[in-house]
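# just need the structure, nothing else, for what follows:
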Amino acid sequence: MSRNHMLLTNHPVTLSFEDRNRMARLYEEVLVRLEEMSMITARTLKMNAGKQAEVHFCPIAPGAGVEFEAVELLRTERGRGCYDYRLGACFEFEGAGTEARPANEGNSYEKCS
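Now for the predicted structure:
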C-alpha cells in the first residue's frame, strides 16, 4: 500500500481473494458505464470531450423547491456536463464556478469538486 493510501485511513482491511477479484470486475464495469454516460452527455451537449475531459460521477443536491435527480458526469475546459435522471435530460454548467451550483449548505456536489 502506498504512503498516500496510508494517509487516508488508519486501518486498511485487505479483501479476500474472491472479493478482490469481484471488486476489480465491478470497478471496471462501473468505469466503462460512466465513460459511456459521459460520452453520451458530451455528444448531446456538443461538448469537446477530448483528452482534457474528465469523467466524474458526482450527485448534485437539489436546491430548495427543485425536484431533480442529477449527477455531474463530465468536466471539460468548456464546462461540466450533467444528467437529470428524472427528466431524462442533459444539461451543462458553463464555467462551473460556485455560482452555478445549488446553494444549500449540505450540498453533496461540493464534496466532489
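# what about residue 93, neighbour count?
17 (other Cβ atoms under 10 Å). Where C-beta positions appear, they are placed from N, C-alpha and C, glycine not excepted.
# assign residue 93 to helix, strand or coil.
strand (DSSP: H, G, I helix; E, B strand; the rest coil).
# which SS class is residue 43?
Quick answer, by three-state DSSP: residue 43 is helix.
# quick one: contacts for it?
residue 49 (Cβ atoms under 8 Å, 6 or more residues apart in numbering).
# ok, the one 4 residues further on next?
Listed by Cβ under 8 Å, 6+ apart, the contact partners of residue 47 are 41, 53, 74, 76, 78, 79, 81, 92.
# one more time with 7 Å
By Cβ atoms under 7 Å, 6 or more residues apart in numbering, the contact list for residue 47 reads 74, 76, 78, 81, 92.
# am I right that it is in a helix?
No: Residue 47 is assigned coil when assessed by three-state DSSP, not a helix.
# tell me the spacing between it and residue 69.
21 Å (Cβ to Cβ, to the nearest Å).
# over to residue 82?
In terms of Cβ to Cβ, residue 82 sits 11 Å off from residue 69.
# tell me which of these two has more neighbours.
Set side by side, residue 82 and residue 69 show more neighbours around residue 82, with 23 against 12, by other Cβ under 10 Å.
# please name the bridge partners of that one.
Following DSSP bridges, residue 82 is listed with bridge partners residue 72, residue 91.
# thank you, goodbye.
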